[in-house]
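**Q** here is my input; please provide its structure:
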Amino acid sequence: MSQIALSSYWYLRHGETDWNRQGLAQGRTDIPLNETGLTQATRAGETLAGLFRDGQQPFDRIVSSPLSRALVTATHTHDAIRDMTGVTLPFRVEDELAEVCFGVQEGTPMGDWYEPWIEQGHLLEGGESFDALTARAVTAINRELAAGGTPLFVAHGALFRGLRAGMGLPVNVRLPNAVPMFLEPGQAGWTIHTPALI
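**A** Below is the predicted model of the structure:
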């Protein structure tokens, strides 16, 4: 199993979409943020901008998935930091951070197929395996971490499950929409913080 390099980074899942609200698998289907998601993206951006105070700069660039629900969330964060602090961070899109392809399951309820896909390597017709997702996600994160500094990645829930696998953490844990997290390696393993706890 691919492992994430022992370097700290930030992660933000996109805001809510209608398919999130309905419990449907999105995968590569490019579903936009709904009104709640846009509000969440704004709030996340303001929360992160609030960390840029007293000369502090918790992360030095933003790297986003190309799918609109993540890209809009990332843009809100970038713009909130610029507008509230005067800091304009480098911002780029990384195609390898796109959500997993769920194949024929996209647009269907997150049902009995999901756990076997993760835990037993069950293959989805027209989709990507969990191991392939993990390898892709970890490779993309490690390539960015190797550049130095501390990035903020804005991406997806299933992709983060792959990253959890790469950090040796329990994998099948639901990630809430638009809640920023700081991931820090240590001797006892990885710790996940939220801004309120830092």
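
**Q** can you give me the buried ones in the lowest-mean-pLDDT helix or strand in the chain?
**A** Sorting the helices and strands of the chain by mean pLDDT, DSSP states H and E puts helix 114-119 at the bottom, at a mean of 89. The neighbour-count check on helix 114-119 (16 or more other CB atoms under 10 Å) flags 114, 117-118 as buried. In short, each C-beta sits where N, CA and C put it, glycine included.

**Q** could those residues go into CSV alongside distance to residue 42?
**A** What follows is those, written out as CSV (distance: CB to CB, whole Å):
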residue, distance to residue 42
114, 30
117, 33
118, 32
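
**Q** that older thread, identify the residues contacting the least confident helix or strand of the chain?
**A** The contact list for helix 114-119, computed with CB atoms under 8 Å, 6 or more residues apart in numbering, reads 25, 122-124, 129-130, 161, 171-172.

**Q** one step back: closest one to residue 191 out of the buried residues of helix 114-119, please.
**A** Of all the buried residues of helix 114-119, residue 118 has the smallest distance to residue 191: 22.5 Å, by CB to CB.

**Q** dump the longest helix anywhere in the chain to CSV, restricted to CA.
**A** Ranked by number of residues, the top helix in the chain under DSSP state H is helix 68-85. C-alpha atoms of helix 68-85 as CSV (Å, rounded to 0.1, in the frame of the first residue of the first chain):
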residue,chain,number,x,y,z
SER,A,68,-16.4,22.2,-10.0
ARG,A,69,-17.7,21.4,-6.5
ALA,A,70,-14.1,21.4,-5.3
LEU,A,71,-12.8,24.1,-7.5
VAL,A,72,-15.6,26.6,-6.4
THR,A,73,-14.9,25.7,-2.8
ALA,A,74,-11.1,26.3,-3.3
THR,A,75,-11.8,29.6,-5.1
HIS,A,76,-14.0,30.8,-2.2
THR,A,77,-11.1,30.0,0.2
HIS,A,78,-8.5,31.7,-2.0
ASP,A,79,-10.6,34.8,-2.4
ALA,A,80,-11.5,35.0,1.3
ILE,A,81,-7.9,34.9,2.3
ARG,A,82,-7.0,37.5,-0.2
ASP,A,83,-9.9,39.8,0.7
MET,A,84,-9.6,39.4,4.5
THR,A,85,-5.8,39.4,4.8
